[in-house]
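could you work out the structure for the sequence below:
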Amino acid sequence: MNKNTFTSVKLAKGEVNVYDFDGIKLHAYKTNDFIDNEVFILEKNGKAVVIESPCFFDNNTELADYLKDVEVEGMLVAYHGAGATFLTLSKYPTGTLSVSQTPFSER
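Predicted coordinates for the structure are as follows:
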């Protein structure tokens, strides 16, 4: 993958770099928020899955507007769930329990 071959879409706050892999697109949304978050969207044939979610409401609104013409089928959400209220659709957790998350009764 050539990281320098993409189309850049400037948004009000963030920016999306779109990589095209012959029918599959990777949208890399740079939020430009306080924690320099990035959200990835895989798209094929007008349908997409979101990997991670923006953590802040202004980014949620901006990305939802960007995705208005794409049929988002689901979202993979990190174990911490920050930004999990983004979009109303099926969400799937990605994390597993670590020792620090294991209930004390099971340690």
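
how far off centre is stretch 7-26?
Offset of stretch 7-26 from its chain centre (Cα atoms, centre = their mean, to the nearest Å): 12 Å.

show me what it is in contact with.
Outside stretch 7-26, the residues that touch it by Cβ atoms under 8 Å, 6 or more residues apart in numbering are 1, 5-6, 27-33, 40-45, 58-59, 62-63, 66. Glycine gets a C-beta too; all of them are placed from N, C-alpha and C.

which one is residue 38 nearest to, not counting chain neighbours?
Leaving out its chain neighbours, the residue that sits closest to residue 38 by Cβ to Cβ, 6 or more residues apart in numbering is residue 30, at 5.6 Å.

so what's the one you found up against?
Residues near residue 30 by Cβ under 8 Å, 6+ apart: 14, 15, 16, 17, 36, 38.

which of the residues you listed fall in strands?
15, 16, 17, 38 (DSSP state E).

for ChimeraX, what selects the buried ones among those residues?
Buried members of the ones in strands among the contacts of residue 30, defined by 16 or more other Cβ atoms under 10 Å, are picked up in ChimeraX with:
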select :16,17,38
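
closest to residue 75 among the ones in strands among the contacts of residue 30?
Set against residue 75, the nearest of the ones in strands among the contacts of residue 30 by Cβ to Cβ is residue 38 (14.6 Å).

quick one, what contacts the closest one?
If you count contacts by Cβ under 8 Å, 6+ apart, residue 38 has them with 28, 29, 30, 31, 52.

dump those to CSV, plus pLDDT.
Listed next are the contacts of residue 38 as CSV, based on pLDDT from 0 to 100:
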residue, pLDDT
28, 97
29, 95
30, 96
31, 94
52, 84
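
the residue nearest to the spatial centre of the chain and residue 60, how far apart?
Nearest residue to the geometric centre of the chain (Cα atoms, centre = their mean): residue 39, 3.3 Å. Separation of residue 39 from residue 60 (Cβ to Cβ, to the nearest Å): 10 Å.
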